[in-house]
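> Give me a model of this one.
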Amino acid sequence: MSIMGNIYGFLAYYSHSRGEYEKAKKLYEKSLQRECNKPNYLLSYGVLLLREGQFEKAKELFSTVLVELPVQEKYKNMAKINISLAYWKLGDIDIAIEMLEEVHRKYPSGKVYGTLGYLLIQKGDLERALEYNLEALEYDDEDPVILDNLGQIYYKMGEIDKAKEFLKRAEEEKDDQAITLYYLGLIYSQEGNKELAKEKLEKALTCNLTALSAVTREDIEKALGDLD
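Numbers count the residues shown, from 1 in each chain. Here you go, the predicted model:
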């Protein structure tokens, strides 16, 4: 164990929590150089790397928590959920889904439901995604990620009224999800309400878009351009 490594890890974690991401990254790197072994610091840095698109490096950090450290089960589950996202972005979505299914069998949670439901959509298995996300809805009918997942599924299935219902509910719970605002913008555009469509899409552009987002800034800008 490295005392200095964990001190740097704490400082990085603190900066991270305050939104000082560049400062946090430098401190996280110093903590790794000094053999930080606190799982919450390693997991937090991994999440920061995921959002920046450094998937291989994030995967290595999550693997360290899973394999090399004697940590509590809750940290291992957090590492499995996060490493599944790295596998997905690295092109191994089937492995990602299998890992999440394993966690779900042992420790179902809102986080697992939201993440696995999201990845089933990304795989394109809409029937299975619908079945799983409806089960998730029974678990928590106010979770904005689960509600958004269902909105996306129904939109892709062409059931626009149902999609709109779930997306509006998702927006009520969390009004800064870019994906929710994007799909609402598309729906309002299709309905001919260009003013409201523009409002939702412009707001989507102000949201925090990361490498994990299912919608990109280019997607949103294209949708805005199509309004004209």
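
> Give me the buried stretch members for the lengthiest helix in the chain, please.
Counting residues, the longest helix in the chain under DSSP state H turns out to be helix 73-89. By 16 or more other Cβ atoms under 10 Å, the buried positions in helix 73-89 come out as 75-89. Any C-beta I mention is one placed from the backbone N, CA and C, and that applies to glycine too.

> And for the next helix or strand after that helix, what's in contact with it?
Using DSSP states H and E, the next helix or strand after helix 73-89 towards the C-terminus is helix 93-106. Residues from elsewhere that reach helix 93-106, judged by Cβ atoms under 8 Å, 6 or more residues apart in numbering: 77, 80-81, 83-85, 87-88, 112-113, 115-116, 119-120, 122-123.

> So for helix 93-106, what gets flagged as buried?
Using 16+ other Cβ under 10 Å as the test for burial, helix 93-106 gives 93, 96, 97, 99, 100, 103, 104.

> TSV for those residues, including distance to residue 54 and pLDDT?
Shown next, in TSV, are these (distance: Cβ to Cβ, whole Å; pLDDT from 0 to 100):
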residue	distance to residue 54	pLDDT
93	19	96
96	17	97
97	22	97
99	19	95
100	21	96
103	23	95
104	27	95
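
> picking up where we left off before, could you check how far the longest helix of the chain is from the centre of its chain?
From the chain centre to the centre of helix 73-89 is a distance of 12 Å (Cα atoms, centre = their mean, to the nearest Å).
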